[in-house]
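Chemist: got a predicted structure here, sequence first:
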Amino acid sequence: MKIGPLDTRKIVVTDFETYFDDEFTLRKMRQEEYILDKRFKAHGVAVAYHTGKTDWIEGPAIPKWLKSYRKHTIVN
């Protein structure tokens, strides 16, 4: 598969704010372990859009917001 140049006009940057403690932390766990753990909880996500607009998405609204990006490429 050939990948073309990145279209920077469509980049969305996110920063998820999640529960953590001394043992439940990305410093001690792989990403997959962390997000699949029963203790994982996203309190919200800060979003910066390519347009310069920013948003704060509250925890309960995150699934609906994420579904709006299903057809797009997501990179972590």
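Modeler: Good, I have the coordinates.

Chemist: next secondary structure after the helix or strand encompassing Ala46?
Modeler: Assessed by DSSP states H and E, Ala46 sits inside strand 42-48. Downstream of strand 42-48, the first helix or strand assigned by DSSP H and E is strand 54-58.

Chemist: pull out the buried residues from the following helix or strand past that next one.
Modeler: Next along the chain after strand 54-58, taking DSSP H and E as the criterion, comes helix 62-67. Residues of helix 62-67 classed as buried: Ile62 (neighbour count, 16 or more other CB atoms under 10 Å). C-beta coordinates here come from the backbone N, C-alpha and C atoms, glycine included.

Chemist: one more: stretch 49-63?
Modeler: Using 16+ other CB under 10 Å as the test for burial, stretch 49-63 gives Ile57, Ile62.

Chemist: what sits up against that stretch?
Modeler: Stretch 49-63 is contacted by residues 8-12, 41-48, 65 when judged by CB atoms under 8 Å, 6 or more residues apart in numbering.

Chemist: coming back round to it: report the buried residues of the strand holding Ala46.
Modeler: Buried-residue list, strand 42-48, by 16+ other CB under 10 Å: Ala42, Gly44, Val45, Val47.
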